[in-house]
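Asker: Let's see this in three dimensions:
(chains A and B)
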Amino acid sequence: MVPVLELRGITKRFPGVLANDHINLTVEKGEIHALLGENGAGKTTLMNILYGLYHPDEGEIYVNGNKMAVRSPIDAIKAGVGMVHQHFMLVPVFTVTENVMLGEEFVKFGGILDRTRAAEKVMQISDTYNLDIDPNTYIKDMPVGLQQRVEIIKLLFREANILIMDEPTAVLTPQEVQELFKIMRTLIDQGKSIIFITHKLVEVMECADRITVIRGGKVVGSTTPKEATLNELATMMVGRDVKLNVEKTKKKPGDVVLEVDNLKVLDPRGAIAVDGISFNVREGEVLGVAGVQGNGQTELVRSLSGLLPSIDGEVRLLGHDITHSSPRQIIEHGSAHIPEDRQRDGLVLSFPVSDNLVLNTYYLQPFSRSIWLSQQEILKNGEGLVKNFDIRTPSVFTPASSLSGGNQQKVIVAREFSRPIKLLIASQPTRGLDVGSIEYIHKRMLQKRDEGCAVLLVSTELDEVMQLSDRIAVLYRGKLMDIVDAKSATKEMLGLLMAGIIPGEDVKSAQVPQKNKILIT
Amino acid sequence: MSTASETIVIPMSKGIRNRERRRRITMGVFFLLAAAFTWLVFAVNLTPNAMTRFVMTPGGSSTVAPDWIFPTGVYLNIIAGICAMLGTFQIVRGFGKRTYSVLALVAILFIFGFLSWATSGGQTNLGGLLRVMVVRAVPLTLGALSGILCERAGVVNIAIEGMMLTGAFVSTVFASLSHSLVIGLLAGVVAGGFMGVIHGVLSIKYKINQIISGTVINIFSIGITSYLSSKYIQRSEFQYLNEPGMFPQIEVPVLSKIPFIGPILFHHNIYVFAMVFFVLFITFLLYKTRWGLRLRSVGEHPKAADTLGINVFRTRYMAVILGGMMAGFGGTYFSLGSSGRFDEVMTAGRGFIGLAAMIFGNWNPIGSMGAGFLFGFFDSLSVKASLLQVPLPSEFLGMVPYLATIVVLAGVVGRGQMPAADGVPYEKE
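Answerer: Here you go, the predicted structure:
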């Protein structure tokens, strides 16, 4: 049988990088083909080429055996290729119907929108694939899980046969992920083919029919979930042996370092984002904060590090009241912060590495004498840290913007860890990094914990939270659902908490499918 | 498996509710203040029998309406009472979606109260005041429409002023040379469109900061038209270049004979009618057609539009050029619709006020026309203010709409819905 899609020798160069190096890929009809690779391996570039957003330097694309020149998304859509982007391509102030029909509008009298007819088709698709979408809701009023289904409807509306899904599980709770897999199966049953892009091994094993692994822009192998093991896949993806499980020593927590009592924080738009949270973190323990993105994590961390004022409650660090302290005062009490957006909040991108390494100590001896900065000391410090923390940079004079994501993060870690700290607040410390850097940062964080530092780890990667934490707190809509012991926590239980359901009493009601229940309270 | 996505609740709705509550109460207090002010400042010091006389017939109109005479104190008390009631209801229950309409009502009542107080013991030509309001609203609304066309597609247009001025100048010269107002008007529209092309090339193709690109066009337009004006068309030997004539007043049959309303709304030159037409037409285009959906998508989320095969650049060029043409058309109002000649910098900042009207009107044509009327009213009032017995310099009245704009922009009334990608150049790769 002719494969529905075949890529031959696709090559794409960006200035200084070979993003795709002669990639071959074959997708059969009715399969879920996982494209597995680390961040930066070239998966998304490849798919953007297939979707006509980028133009390949070399290579050919065949759809159903016919050679295609994909110059723009229109060509891809015509060929039946559709893409669910990692960052949803939906207009928040448009309704589902408007978003779905955009570009392929149903019109009457030569240009007037026929919303009724389009809504009917949306409804029909939603019913066929069991997607449970109301065509007249505005996107901004929908949870992400449903927004993703709208993206899928967009493709089905255009009668796409090959669906590319770029890291579709990143924004979902574990339960939503299961829902998505179910939808993907339904799609396959109806004769569609899916390319599932991810870096999450477990998900690949769970739902893929075939797996192609990409590393450094090259295809390094192809397999199926039956033939491969998790460890083999990890080795293929990274190119060397990886420890999938972080080794953690047992440690008895010491004194309380950070105490948070009934903290309330507003987001910049004035809505309450952190709603009366209380917890504490002790010496030598990692408290993980799990939750779906946008449930108050950002505001919690910004508030604890002094970047966002709180409206109520109290925060104490080693007994000092820091509720209304400035970021510098908080730092001087021994707190370190790895911000979630390293490029915006963690670094001054246009500054050299050496200056970035003293951003919170430049005003102290020996870097500063009266009104002068001592460049000599700053450079010495920079060179030392670059060596100690294995920061890959041509020199300490290189601007932080030219470093890779992993090395940028190492600059931040080096800066924060080189001070005597008692508390580490790490927010999404490994987002977008390659496995090597992730391992490194995890190791360094646990090392700090073992030295007696209290660690508050905020992450939307549930695996990361479960691996590193001693206790896990779950945030849902600004409230702390529960704090559980990491040893006894299961993914299902945390997933329910992340969706705002207390396991046990409510589990049953949550499992009963309720049609169209989007509560707006 | 459980169906988590169906039980997921939209995050932070509680916060939104808090915010709405605060806004509701702020608005209610606002209404109560209007009531208190009307009562304590206007109504209290009146002589008991003070009467207000509003002349209801604009000067020069053939349709005569009887004057409106009423006891000032009674009316002011009624106004204060209504405002207080609305304010109390707003604080206790809230008007929900109708809040803004109620706000408009309170504002109108308050202004009416002010006028009644200021006129007390004398007379004001209310008909004339409103007629001038409609006329003054024209360039502001047309300017706002120009802004809406551009910004709904994601290109900030602060060059409205310059585009208008160019339109005014070019239309003057062409109409004078051709002795045809229509040719002059078309030339003005084309000139505005040409300025739109410049703005488009600078900000879409070369991705120059759109504020700077717009400022450049403004400065350029003021410079070139002022130079050509003082060098040529203002001089007596070139007088023939500055005699374009003016569009005549049109009396709409029947409608213009309605007392009071007729002369205010239906006895104007083509610009007033064109304004209403364009407001309705552009509203229709933006919200009901494929063209409008695509244009708005490009202003909200250009990447999404691009992935669906919509040409972002072409759409933006089209929008900016149409916006320029609209501004050019608005510019011809000054020369062919209002004064019958060209003078240096005759737009006098109206393009910028049009921009404010666009923001005040929430990037919506009908809202912007409302804002245009509001600004036009105060414009009209500040001219009349010298005739009123108010111990207030007319310049202060002229300031009121801009103070109101600042209040609106500061978010007291609620934040506007600016197109999400407004002012952000689109990068393809």
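
Asker: Which part of the stretch 151-300 of chain A gets nearest to chain B, residue-wise?
Answerer: Taking Cβ to the nearest Cβ, chain B has its nearest neighbour within the stretch 151-300 of chain A at A:A271, 2.7 Å off. From N, CA and C alone the C-beta is placed, and that goes for glycine too.

Asker: count of residues packed around that residue?
Answerer: 19 (other Cβ atoms under 10 Å in any protein chain shown).

Asker: Same question for A:V91.
Answerer: Number of residues near A:V91 (other Cβ under 10 Å) recorded here: 25.

Asker: what's near enough to touch it?
Answerer: Residues near A:V91 by Cβ atoms under 8 Å, 6 or more residues apart in numbering or on different chains: A:98-99, A:102, A:139, B:296-297, B:300-301, B:304, B:420.

Asker: Could you tell me how far the residue of the stretch 151-300 of chain A closest to chain B is located from A:L347?
Answerer: Applying Cβ to Cβ, to the nearest Å, the value for A:A271 to A:L347 is 29 Å.

Asker: and if you look at A:K448?
Answerer: A:K448 sits 20 Å away from A:L347, going by Cβ to Cβ.

Asker: Who has more neighbours out of those two?
Answerer: Neighbour totals were compared for A:K448 and A:L347, and A:L347 leads with 25 against 22 (other Cβ under 10 Å).

Asker: Please list all residues in contact with the nearest residue to the more buried one once chain neighbours are set aside.
Answerer: On the basis of Cβ to Cβ, 6 or more residues apart in numbering or on different chains, the spatially nearest residue to A:L347 that is not a chain neighbour turns out to be A:A400, at 4.6 Å. For A:A400, the contact set (Cβ under 8 Å, 6+ apart) comprises A:347-353, A:356, A:408, A:411.

Asker: B:F112 now?
Answerer: By Cβ under 8 Å, 6+ apart, the neighbours of B:F112 are B:I79.

Asker: C-terminal to whichever helix or strand it is part of, which secondary structure element comes first?
Answerer: Taking DSSP states H and E as the definition, one finds B:F112 inside helix B:99-119. In the C-terminal direction, the helix or strand that comes right after helix B:99-119 (DSSP H and E) is strand B:123-125.

Asker: who does that following strand pair up with?
Answerer: Strand pairing for strand B:123-125, using DSSP bridges, gives strand B:51-55 (parallel).

Asker: Look up how far B:L285 lies from the residue located most distally from the centre of chain A.
Answerer: Taking Cα atoms, centre = their mean, the residue of chain A most remote from its mean C-alpha position is A:F109, at 44.9 Å. A:F109 is 13 Å from B:L285, where distance means Cβ to Cβ.

Asker: Now do the most centrally placed residue in chain B against B:M358, distance only.
Answerer: When Cα atoms, centre = their mean is applied to chain B, the residue found nearest the centroid is B:G372 (2.5 Å). For B:G372, the distance to B:M358 (Cβ to Cβ) stands at 9 Å.

Asker: Then A:D141?
Answerer: With the distance defined as Cβ to Cβ, A:D141 ends up 26 Å from B:M358.

Asker: who's more crowded, the two?
Answerer: The neighbour comparison of A:D141 against B:M358 (other Cβ under 10 Å) goes to B:M358, with 31 against 14.

Asker: Helices of the stretch 151-300 of chain A, start to end?
Answerer: Secondary structure of the stretch 151-300 of chain A by DSSP state H, counting those that start in this stretch: the helices cover A:174-189, A:201-207, A:230-238, A:297-304.

Asker: quick one, domains of chain B?
Answerer: Taking automatic domain parsing as the reference, chain B has its domains at B:16-121, B:128-384.

Asker: closest one to A:L90 among those?
Answerer: With respect to A:L90, and counting by Cβ to Cβ, the nearest of these is domain B:128-384 at 6.3 Å.

Asker: neighbours around A:A79, how many?
Answerer: Around A:A79 sit 22 other residues, with neighbours defined as other Cβ under 10 Å.

Asker: Likewise for B:G162?
Answerer: Other residues within reach of B:G162 by the criterion other Cβ under 10 Å amount to 30.

Asker: can you tell me the helix or strand for it?
Answerer: Counting by DSSP H and E, B:G162 is part of helix B:160-178.

Asker: from the chain's centre, how far out does that helix sit?
Answerer: Relative to the centre of its chain, helix B:160-178 is centred 21 Å away, using Cα atoms, centre = their mean, to the nearest Å.

Asker: Give me the neighbour count for the residue of the stretch 51-200 of chain B found nearest chain A.
Answerer: Taking Cβ to the nearest Cβ, chain A has its nearest neighbour within the stretch 51-200 of chain B at B:R152, 11.4 Å off. Applying other Cβ under 10 Å, we find 25 residues neighbouring B:R152.

Asker: same question, A:P15
Answerer: 4.

Asker: and if you look at B:S178?
Answerer: Residues lying near B:S178 (other Cβ under 10 Å) number 14.

Asker: hang on, it packs against B:G184?
Answerer: Yes: the pair B:S178 / B:G184 is scored as a contact, 6.9 Å apart, by Cβ atoms under 8 Å.

Asker: where do the helices sit along the stretch 251-400 of chain B?
Answerer: Applying DSSP H, counting those that start in this stretch to the stretch 251-400 of chain B gives helices spanning B:261-265, B:270-288, B:290-300, B:302-307, B:312-332, B:350-360, B:365-384, B:394-409.

Asker: With mean pLDDT and distance to B:S221 as new columns, can these be given to me in a markdown table?
Answerer: A markdown table is the format used below for the helices of the stretch 251-400 of chain B (pLDDT from 0 to 100; distance: least, Cβ to Cβ, whole Å):
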| stretch | mean pLDDT | distance to B:S221 |
| --- | --- | --- |
| helix B:261-265 | 88 | 32 |
| helix B:270-288 | 97 | 20 |
| helix B:290-300 | 96 | 25 |
| helix B:302-307 | 92 | 28 |
| helix B:312-332 | 97 | 9 |
| helix B:350-360 | 91 | 10 |
| helix B:365-384 | 87 | 22 |
| helix B:394-409 | 73 | 23 |
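
Asker: how about a markdown table for those helices, with distance to A:P339 added?
Answerer: Listed next are the helices of the stretch 251-400 of chain B as a markdown table, based on distance: least, Cβ to Cβ, whole Å:
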| stretch | distance to A:P339 |
| --- | --- |
| helix B:261-265 | 58 |
| helix B:270-288 | 40 |
| helix B:290-300 | 28 |
| helix B:302-307 | 25 |
| helix B:312-332 | 32 |
| helix B:350-360 | 33 |
| helix B:365-384 | 39 |
| helix B:394-409 | 31 |
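
Asker: A:R415 is nearest to which of those?
Answerer: Across the helices of the stretch 251-400 of chain B, A:R415 has its closest neighbour in helix B:302-307 (33.8 Å, Cβ to Cβ).

Asker: Other residues contacting that closest one?
Answerer: With Cβ under 8 Å, 6+ apart as the test, helix B:302-307 has contacts from A:51, A:53, A:73, A:83, A:85, A:89-91, A:99, A:102-103, B:154, B:294, B:297-298, B:312, B:315, B:421, B:424, B:426, B:428.

Asker: Residues that sit against both of B:G372 and B:M358, list them.
Answerer: Residues touching both B:G372 and B:M358 by Cβ under 8 Å, 6+ apart: B:A144.

Asker: follow-up on the earlier one: which helices and strands sit right next to the helix holding B:G162?
Answerer: Helix B:160-178 makes packing contacts with helix B:126-152, helix B:181-200, helix B:210-228, helix B:312-332, helix B:350-360 when contacts are defined by 3 or more Cβ pairs under 8 Å, 6 or more residues apart in numbering or on different chains; DSSP states H and E.
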